[in-house]
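Student: From the sequence below, what's the structure:
(chains A and B)
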Amino acid sequence: MIAARLNGPADFAGWRREARRLALARVQPENVAWLTGEDDAGLFATDSTAPAEGEGPALTVSRRFIDLAENVVCHRDAGRFVLLHRLLLRLQDEPRLLDNAADFDIARAEAMARSVRRDLHKMTAFVRFRAVSGADENGPFIAWFEPEHFILERAAIFFTGRFAGMIWSIMTPQGSLHWDGATLQLGPAASKADAPDTDAMEAYWLTYYANIFNPARLKPKAMKSEMPVKYWRNLPEAELIVPLIASAARRAEDMVMRAPTQPPERHVRQLRHRPEASADDPAITSWQDAAAAAQRCRRCELHCHATQTVFGEGPLDAPILFVGEQPGDQEDLAGRPFVGPAGQVFDRAMKEAGLDRARAYVTNAVKHFKFQLRGKRRIHEKPNVGEIKACRFWLDLELQFVKPRLVVALGASALRSLTGHAGALASARDRELALEDGTPLVATVHPSFLLRLPDEEARAREYARFVADLARVQQRTFRH
Amino acid sequence: MAQLSVMEKLEILSDAAKYDASCASSSTTKRDSRDGKGLGSTTGAGICHSYAPDGRCISLLKILLTNFCSFDCVFCINRSSSNVRRARFSVEEVVALTLNFYRRNYIEGLFLSSGIIRSADYTMAELVRVAETLRRQHGFRGYIHLKLIPGASRDLIERAGLFADRVSINVELPSEAALARFAPEKQAGEIKSAMGGLKLKIEAAREEREKSAKAPAFSPAGQSTQMIVGADGASDSAILKRSAWLYGSFGLKRVYYSAFSPIPDASRQLPLQPPPLMREHRLYQADWLTRFYGFETEEILGTGEMLDLDIDPKLAWALRERGRFPVDVNRADRETLLRVPGLGTRSVDRILASRRFRRLRLEDIGRLTRSVATIRHFILAEGWRPGHGLDARNLRARLKPQPRQLTLFP
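Tutor: As a prediction, the model looks like this:
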């Protein structure tokens, strides 16, 4: 037996130093006795001289192994050092061993690391500070905690990061942490009596714990798997668990059996003050009425899946009224027309054509977004004739209240809505058109068409043509 | 009315808050108070500081500012027609409780909601005031989840997002018709519109922060919502389709399912029976399969309207799709392995990593997973084939867990 001496049960730096020395000296892991300082050194007195450092190739290990070893070293299993030593040696011949989770040593080391990480996590969860008498809001606080593994020092960074401005100590059977607001001190093992036996806030915490529990959903097994019984003795709220479970069935039954009560006076008063909801839609006599009524539109099925009705917007004395197809993803979320990518192309083209978007009224032939859900994406879908027809009601109102000097149809769906023209857009694009009431109408592409063009050149050409169309709109509207 | 003590208010206003299932404190920006200027920190995964005997995690101080409410939502303990005791915290009382609990390491932070008093904007402004006081006056760096009040102004919602790690607004019920019936004052349109606006704000803030770490965060842990299960007649199919729609439309972090549970002074319009806990559990499993396992909602549902209560939805799917099995664990790709009943994402990663070293046997799979009891029927491994078991008519019965007591009055 060769003794390797460590400075404490979770001395990772010491293990690293010793393991390196032993590995270079080609000592077999099973021949090493690891002494953590608590052991009786006399036991191995005869073998305590370790071999001198041998010659050999440099040891290389990955960062990943270091991370694993840092956790495993904290485990309370006495065999942890031998296991790590063996893994270190095996890694020299099998550099990718860590990926082999089915390997017995790796599986064991990973299970140990997991158990340590879990204990660390549970410590951050279950430490309960108590104020010492005479403390102010920042302490001093003292907590008593019993970790399963040797994790005290590893846990310190969590508490110093979270409670930096407080003064606190965490006492454990392994040792203690003391934070004075600036520096961390490690202290000796402590006992439960070193921490205060209560705290004025605990009564509030217990009240909260008792009342946030729903007695109609008893699942003690789920609770125990996340909050194992071994931690209960240091959790003040744990004293409530047994009585809460015991009374749960009766309380749940009570809720079901109790006779219904009369509503309180306050509720009755409130009902009297509530304005009567009118059964019919109020008459629409203004654009504002129309916009409000459109929010409740059920003229077709599209309202079921869209976020909201996207009504037109712009000055009510706008000389030009633009009609697009339907709101897209962004418009649907924002509740405003032409704010997404196509809206940006539109804005840019308007500017280049000498038109002011702020002076235009912008709307869509269909006021709800139609899409197909694919995974987490909403894919735009063309509205059908029925939907376009149903929504014409709102477009008519907008035309009626805005009374534009000229209307622009952006894309085939808009043209279809405004004129019933079912053919291709191209045949209508260069013609002088008019609505039934004689309002001049210009048809051009929808800006999203430009976004869908695959090649750069076509996009530039079509964009220029779109701007030219808008420039013509500008001239036709403002020529006199 | 005699003045209530803070203890009495806490009793009433935590009792009133427990029907909101969420208690998550995860996935927000990383913060600590090492600079000595504030209090608190956040961790990536969040911390559950305790568990109640209902199996639910207690991570946050989850309370209402007040349970006075002008709405009369039939399913709600706080509806205006109920005779529960009423209370109202002051902003300062909530702030003090949060800080005192936090300093003792009871909680990760605050989840604050409220009954609606005076107006949506008034109530929302009070909630924002709590968050703002915690952040600005006390340098609080723990977690804050604010419930949004439907109908509150955009301006207030934006302020809420500046102080909160997460905001949420509940759709409550899977169909708008049911919402209109059971929660007459709640407007589905307002709820959806708020969620849409939040998605845009959250995305815009995230993009800004990718460009500059100094850009202000806006609800960095995203938004979530909750649906009550079993209060109306909605099927699992309707619920899961609604969820898929919510995830797809608003990029929600989570949809929570809350089994409708008897409440004190309950309305007779609703089924007063034990909460459908197993149904709720199956819905969460199905939700998980769509979010992390590449399943489509339609695949999970099959031809039925309801999920199988006896077996989990992945096993139910595999039993319907027996032709796809057994899957060779030494050759199948990740997507295929994820569909094997009993294999989770972690086990699959471990299988993929270790099979580069050797052909995996059933014993190896045993070490890489929690248990092979179910898995073995669906895989091929070195030296292992499931035999005729996969075709056996009684496979479902054999894989079904033993019935457990789940009654309300045992």
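Student: starting at the chain centroid, how far to stretch A:332-342?
Tutor: 24 Å (Cα atoms, centre = their mean, to the nearest Å).
Student: Run through who's touching it.
Tutor: A:306-313, A:324, A:327-331, A:343, A:346-347, A:362-364, A:368-369, A:446-448, A:451, B:193, B:196-197, B:199-200, B:249-250 (Cβ atoms under 8 Å, 6 or more residues apart in numbering or on different chains). Yep, even glycine has a C-beta here, placed from its N, CA and C like the rest.
Student: Just the ones of these in strands?
Tutor: A:324, A:362-364 (DSSP state E).
Student: so which of those comes closest to residue A:254?
Tutor: residue A:364 (55.3 Å; Cβ to Cβ).
Student: pretty sure that closest one is touching residue A:326, no?
Tutor: Yes: with contact defined as Cβ atoms under 8 Å, residue A:364 and residue A:326 form a contacting pair (5.1 Å).
Student: Spell out for me which residue occupies the centre of chain B.
Tutor: With distances taken as Cα atoms, centre = their mean, the residue of chain B nearest its centroid is residue B:256 (3.4 Å).
Student: Regarding that residue, what is its secondary structure?
Tutor: Following DSSP: H, G, I helix; E, B strand; the rest coil, residue B:256 is assigned to strand.
Student: tell me the contacts of it?
Tutor: Neighbours of residue B:256 in contact, by Cβ under 8 Å, 6+ apart: B:20-22, B:224-227.
Student: Same question for residue B:154.
Tutor: residue B:197.
Student: gap between it and residue A:334?
Tutor: 10 Å (Cβ to Cβ, to the nearest Å).
Student: go on, residue A:478?
Tutor: Residue A:478 is 30 Å from residue A:334, by Cβ to Cβ.
Student: Comparing these two, which residue is more hemmed in?
Tutor: residue A:334 (21 against 13; other Cβ atoms under 10 Å in any protein chain shown).
Student: Now do the phi/psi pair for the more buried one.
Tutor: phi -80, psi -20 (degrees, to the nearest 10).
Student: and it, what pLDDT?
Tutor: Here, the pLDDT recorded for residue A:334 equals 96.
Student: same question, the one 5 residues further on
Tutor: Looking at residue A:339, its pLDDT is 96.
Student: okay, now it: neighbour count?
Tutor: Neighbour tally, residue A:339, other Cβ under 10 Å: 21.
Student: for the stretch 201-350 of chain B, which spans come out with low pLDDT?
Tutor: Nowhere does the stretch 201-350 of chain B drop to pLDDT under 70.
Student: Give me the secondary structure label for residue 27.
Tutor: Since you didn't name a chain, this refers to chain A. coil.
Student: Identify the bridge partners of the residue nearest to it when sequence neighbours are not counted.
Tutor: Nearest non-adjacent residue to residue A:27, counting by Cβ to Cβ, 6 or more residues apart in numbering or on different chains: residue A:2, 5.7 Å away. Residue A:2 has these beta-bridge partners by DSSP bridges: residue A:32.
Student: Wait, residue A:2 touches residue A:33, no?
Tutor: Yes: Residue A:2 lies in contact with residue A:33 (Cβ under 8 Å); the separation is 7.0 Å.
Student: Just among the ones in strands among the contacts of stretch A:332-342, which is most surrounded?
Tutor: Ranked by neighbours (other Cβ under 10 Å), the ones in strands among the contacts of stretch A:332-342 are led by residue A:364, which has 31 neighbours.
Student: which residues touch that residue?
Tutor: Residue A:364 touches A:310, A:312, A:323-327, A:337, A:414, counting by Cβ under 8 Å, 6+ apart.
Student: how about 10 Å then?
Tutor: A:310-312, A:322-328, A:331, A:337-338, A:383, A:391, A:394-395, A:398, A:410-411, A:413-414, A:417, A:446 (Cβ atoms under 10 Å, 6 or more residues apart in numbering or on different chains).
Student: now swap in residue B:246 and tell me
Tutor: Taking Cβ under 10 Å, 6+ apart, one finds B:171, B:174, B:192, B:195, B:223-225, B:227, B:252, B:254-255 in contact with residue B:246.
Student: Would you pull up the residue in the stretch 351-480 of chain A closest to chain B?
Tutor: residue A:373 (4.6 Å; Cβ to the nearest Cβ).
Student: number of nearby residues for that residue?
Tutor: A total of 17 residues lie near residue A:373 under the criterion other Cβ under 10 Å.
Student: can you check residue B:333 too?
Tutor: What residue B:333 shows, counting by other Cβ under 10 Å, is a neighbour count of 10.
Student: Residue B:285 too?
Tutor: 17.
Student: I'd assumed residue B:313 was in contact with it.
Tutor: Yes: under the criterion of Cβ atoms under 10 Å, residue B:285 makes contact with residue B:313 at 5.3 Å.
Student: so what sits against both of those two?
Tutor: Contacts common to residue B:285 and residue B:313, judged by Cβ under 10 Å, 6+ apart, are B:300, B:307.
Student: tell me the domain ranges of chain B?
Tutor: B:6-226, B:313-399 (automatic domain parsing).
Student: So, low pLDDT: which residues of the stretch 351-480 of chain A?
Tutor: A:480.
Student: Within range of chain B, give me the residues from it.
Tutor: A:369, A:371-379 (Cβ under 10 Å from any Cβ of the partner chain).
Student: if we can go back for a sec, quick check, the residue nearest to residue A:27 in contact with residue A:22.
Tutor: Yes: the criterion here is Cβ under 10 Å, and residue A:2 meets it with residue A:22 at 7.2 Å.
Student: Might you report the residue contacts of residue B:46?
Tutor: So residue B:46 contacts A:125, B:23-28, B:57, B:59-60, B:108-109, B:143, B:165, B:221 (Cβ under 10 Å, 6+ apart).
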